[in-house]
Structure formats: structure tokens, C-alpha cells
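Participant: This is a predicted model, with the sequence first.
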Amino acid sequence: MRIGQGFDLHRLKEGRRLLLGGVEIPSDMGEDAHSDGDVLLHALIDALLGSKALGDIGQHFPPSDMRYKDMDSRELLKRTLALASFHIINIDCNIILQTPKLSPHIMDIRKSLASLLDMDVSDISVKAKTAEHILGELGRGEAIAAEVTLLTE
């Protein structure tokens, strides 16, 4: 068995969609990124790559490469899954976002991840946290972060 850990962070910007785990969350602001900016999928990709010692998302999908400009992160995940054989046992995710509240969307995010990874939703945990208005850009609601830990065999 192998553990993978991933982290991603993006500034938030007006006029962008807020995407988490392939689910669009109603919001006035979304991730400012080279691709669609889905921080949860980006952290998941890093965790998968880390579990197989395959580097990180920037090595495989560099932001300097225009082929990935505004790309759907679900496609990046699909390409990552094609790099190696991943049998994922379970996934634990944290999303750090001041606003909007994510609790009404957690099950949709879990279901989306389960579908993308061909897993049972019961093996995927997604938790939402705030930065309690104290952690810089995250606390001011100007950024979003996600961290993912997973177990593979």
C-alpha cells in the first residue's frame, strides 16, 4: 500500500466559475488558474502522482503549456489515471474556503469524485473548513485551498 498527499491553492477572481471535484458551486468568484482551476481535482492529481512517485501536476501539465489553458480538470485527472495503474482504497479531502458555505454541496462533490474514479462514495470523505477570517488571503475570502490524502495499492 502507498499513501499519496496533494495540496493546491488558488486566488479567487470575479467572473470565474468555482469548481470543486468537477462540481460547479454557485459563487460570485472562482479559481484564478491556467486550467479551470479546480483545486480539489488538482490536489487529487498531486496525491495520485505522489502515491506512485511520479512527480507533480506541474511536471505533467505545466502552466506554461498553452494546451492546458482553461482545460477541464476532469480531463487532467483522466490523463493522470492513464499514467499508471491506481487502485485507490480511500480518499480524505479538506477544502479551505471562507465563502460560500460548502455543506450543501459536499455530497454532490463526493458523488462526482466517485463517478470520476469509479469508486464507492462511502470511500471518499470531503470536509469543508474556513480560515476563521485569520489566515491571510484564505481568511479574507480571496483564495481557496484543498488538500487530499489517499491510500492506494
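Facilitator: Perfect, I can see it now. Numbering: from 1, shown residues only.
Participant: which parts of the worst-scoring helix or strand of the chain on mean pLDDT are buried?
Facilitator: Least confident helix or strand, the chain: helix 136-139 with a mean of 88, by mean pLDDT, DSSP states H and E. Under the neighbour-count criterion of 16 or more other Cβ atoms under 10 Å, helix 136-139 has Leu138 buried. The C-beta positions use only the backbone N, C-alpha and C, and glycine is treated the same way.
Participant: could I get that helix in CSV with only the CA atoms?
Facilitator: Taking only C-alpha atoms (Å, rounded to 0.1, in the frame of the first residue of the first chain), the coordinates of helix 136-139 have been written out as CSV:
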residue,chain,number,x,y,z
GLY,A,136,-4.3,36.0,5.1
GLU,A,137,-5.9,35.6,1.7
LEU,A,138,-7.8,32.5,2.7
GLY,A,139,-9.2,34.2,5.8
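Participant: after it comes which helix or strand?
Facilitator: strand 143-152 (DSSP states H and E).
Participant: so how far is that following strand from its chain's centroid?
Facilitator: How far strand 143-152 lies from its chain's middle: 6 Å, per Cα atoms, centre = their mean, to the nearest Å.
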